[in-house]
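Asker: Mind folding the following:
(one chain, ligands or ions: 1)
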Amino acid sequence: MRQSLVVGNWKMNGSIQRNQSLLDSLKENIKSVQHAQVGICAPFVYLRQMSELLKGTQIGWGAQNISHKDSGAFTGEVAASMLLDFDCKYVIIGHSECRNLYGESDQLVAEKYAKAQSVGLIPILCVGELLEQREAGETENVVGQQLDAIINLQGIASLSQSVIAYEPVWAIGTGKTATPQQAQDVHAFIRQRIAKQNAGVAENVQILYGGSVNGSNAAQLFSMPDIDGGLIGGASLKANEFLTICQAAQ
Ligand code: PEP
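Answerer: All right, here's what the predicted structure looks like:
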């Protein structure tokens, strides 16, 4: 039986002071969430603060990207192994903002995924289509290719040590959520595609939905059979809203 997981993606937001008050409120109330896992992915510079404030709580933490290299002359980059110094559990890989704004290809995303797993981090692999791709009937092709890049490099079994997040690009930060049925259809497609190669991995892998999830639409989305929780952007910056979403995942 898969446990639900809700992960906040703070993106490029926060300050030492704001993080402290957000995490204080979350810590105070998170005990009401006993039957779902919770995580937060913060900007690199706040990972020390995350480890100090979240150690010993039920909230796991992580980063939003890593380099595909181990170390060396890569100015501005952060290696997977460095995240271990801050006790990170998760790292988001292949977020659509990284794919589309910084040109991360399926191959590069797969290499980053491999680096994350090589040091024991859990990659949260984001996949999803652009609006024009959906309108052209290309959703399954696009998502299938993004997934195949990972499977080709790391093998199907690697997915059992990872989380997948289906995030239709047209729904991210736009307030336009996919309907529960639209999301379910793609989640089922992902699970079936994995099941063709390994039924056990398909049954166990957590597939999150991301794209304008909020306290009002979370419960309906999470009630779908192949949606195992959410990757939450904007709404993860508000303690009450994020807690409502976490509660909806139970
Ligand atoms: C995201 O950044 O992964 C995301 C889903 O953002 P939002 O919830 O703001 O749409």
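
Asker: so how far is residue 216 from the most centrally placed residue in the chain?
Answerer: The centroid of the chain falls nearest to residue 124 when counting by Cα atoms, centre = their mean (4.2 Å). Going from residue 124 to residue 216 by Cβ to Cβ, to the nearest Å gives 24 Å. C-beta coordinates here come from the backbone N, C-alpha and C atoms, glycine included.

Asker: got it, and residue 65?
Answerer: 29 Å.

Asker: and the chain, which of its residues are near the ligand?
Answerer: Selection of the chain residues close to the ligand by Cβ under 6 Å from any ligand atom yields 9, 11, 167, 172-173, 210-213, 231-235.

Asker: In strands, which of these fall?
Answerer: 9, 210, 231-232 (DSSP state E).

Asker: Nearest to residue 1 among those residues?
Answerer: Nearest to residue 1 out of those is residue 231 (Cβ to Cβ; 20.9 Å).

Asker: how many neighbours does the closest one have?
Answerer: Other residues near residue 231 number 27, with proximity taken as other Cβ atoms under 10 Å.

Asker: Next up, the contacts around it.
Answerer: Shown in contact with residue 231 (Cβ atoms under 8 Å, 6 or more residues apart in numbering): 7, 9, 92, 124, 126, 165, 167, 208-210, 213.

Asker: Does it have any beta-bridge partners, and if so which?
Answerer: residue 7, residue 210 (DSSP bridges).

Asker: mind checking pLDDT for it?
Answerer: For residue 231, the pLDDT comes out at 98.

Asker: same check, this time on residue 1
Answerer: At residue 1, pLDDT is 80.

Asker: how close does it get to residue 124?
Answerer: For residue 1 relative to residue 124 (Cβ to Cβ), the value is 20 Å.

Asker: And residue 66, by the same measure?
Answerer: Residue 66 sits 12 Å away from residue 124, going by Cβ to Cβ.

Asker: anything in contact with each of these two?
Answerer: When contacts are counted by Cβ under 8 Å, 6+ apart, residue 66 and residue 124 are jointly contacted by 91, 93.
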